[in-house]
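**Q** Here is the input, now give the coordinates:
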Amino acid sequence: MRVVVMGAGGYVGSRLVPVLLAAGHDVTATFTRAASAERFWWVDRVDVVELDVLDRPRVRAAFEGAEALLYLVHGLGGADFATADRQGAYNAAHAAVRAGLQRMVYLGGLVPDIPETDLSPHLRSRLEVEQVLMDSGIPTLALRAAMVVGSGSTSFEIMRQLSERLPLQVLPRWMDRQVEPVAVTDVLAALAGALTATARSRPFDVGSGERLSYAALLRLYADRAGLRRVQVSVPGLPTAVVSRLAPALTRAPSSTVQSLVESLRHDMVCGRPDFAVQLLPPGHVLTPVAEALDRALAEPDPAVPDAQRDPLGPLSSDPEWTGSLSS
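**A** The predicted structure follows:
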């Protein structure tokens, strides 16, 4: 199958491309700057296309001859990111219809069971993109994930770097909210499976099957990382204050940190748990959260090339801001 991966240079996209190649797909990988593709070991095995998702003619050209689209484009920064996300989704949907694509797959965020107006701006934008793609009439599967565990994942790196920086962890009451993390390897398998799944158009909640509070997740991380950390509850601390303070304590892009923190005030757990049956290959076993953390924290062997490394662990192509603060 000829597959277009929009957002191939991102965390999930760059780890997904090798999975698609191994499955026998022909891949067109899009980048905002084509030169940035050179850092990935698989660059010579794909067609690299430089495009801005807001450039409708370039998007149309990229889709010529394609059969499916994996849409992994997200905007978390800037005052107008929601407008850009919406327009990008419209451009992709229109180009997909024009090219006669048979399937679209989108990776978004878990949607809490609350009124849409109460969603954080970034979750509301993810949901809007999902709806735009589904309204195209092309069979579209939307995978919704909460925290994706893996070295290089933005949410994982924020947890790693905050845990390293803060021996005393001040926890607001909303840190008792539940989250269902998922290993990036399980997300990759689900995305690849969605290309050929029998389901027509619907969302799938993607998770590990393990639910724990954010506070418990921080404790589990500290345990697996060999850190001694003390947690102190401060019930009245609002998310707005934390979202302003957290960026100063990590190397992650500040606008991204602020957007993610704002979504922590709601439970982020799966509703319908049928993605494992409908999207994953027979015999696939979901990765336990503790194992995913261990693999994400494992030091890589410099002698082992990226093509042979565990996707849960660090790759040489990951952004410079990722990894331990001591590295």
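
**Q** Which stretches in the stretch 201-327 of the chain count as strands?
**A** Per DSSP state E, counting those that start in this stretch, the stretch 201-327 of the chain has strands spanning 202-206, 212-213, 230-233. These are given in chain order.

**Q** For the first one, name the packing helices and strands.
**A** The reference is to strand 202-206. Counting contacts by 3 or more CB pairs under 8 Å, 6 or more residues apart in numbering; DSSP states H and E, strand 202-206 packs against strand 140-145, helix 184-194, helix 275-278. Yep, even glycine has a C-beta here, placed from its N, CA and C like the rest.

**Q** Let me see the mean pLDDT of the helix or strand where Thr30 lies.
**A** Assigned by DSSP states H and E, Thr30 falls within strand 26-31. Average pLDDT, strand 26-31: 98.

**Q** May I have the strands that pair with that strand, each with its orientation?
**A** strand 2-6 (parallel), strand 47-50 (parallel) (DSSP bridges).

**Q** picking up where we left off before, which of the helices and strands packed on strand 202-206 has the highest mean neighbour count?
**A** Ranked by mean neighbour count under mean count of other CB atoms under 10 Å, the helices and strands packed on strand 202-206 are led by strand 140-145, which reaches a mean of 26.

**Q** For it, enumerate the helices and strands it packs against.
**A** Looks like strand 140-145 contacts strand 103-109, helix 121-134, helix 184-194, strand 202-206 (3+ CB pairs under 8 Å, 6+ apart).

**Q** How about exporting it as CSV, limited to the C-alpha atoms?
**A** Extracted in CSV, the C-alpha atoms of strand 140-145 (Å, rounded to 0.1, in the frame of the first residue of the first chain):
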residue,chain,number,x,y,z
THR,A,140,-11.1,7.3,8.9
LEU,A,141,-9.9,5.7,12.2
ALA,A,142,-8.9,8.1,15.0
LEU,A,143,-6.7,6.6,17.7
ARG,A,144,-6.9,8.5,21.0
ALA,A,145,-4.0,8.1,23.4
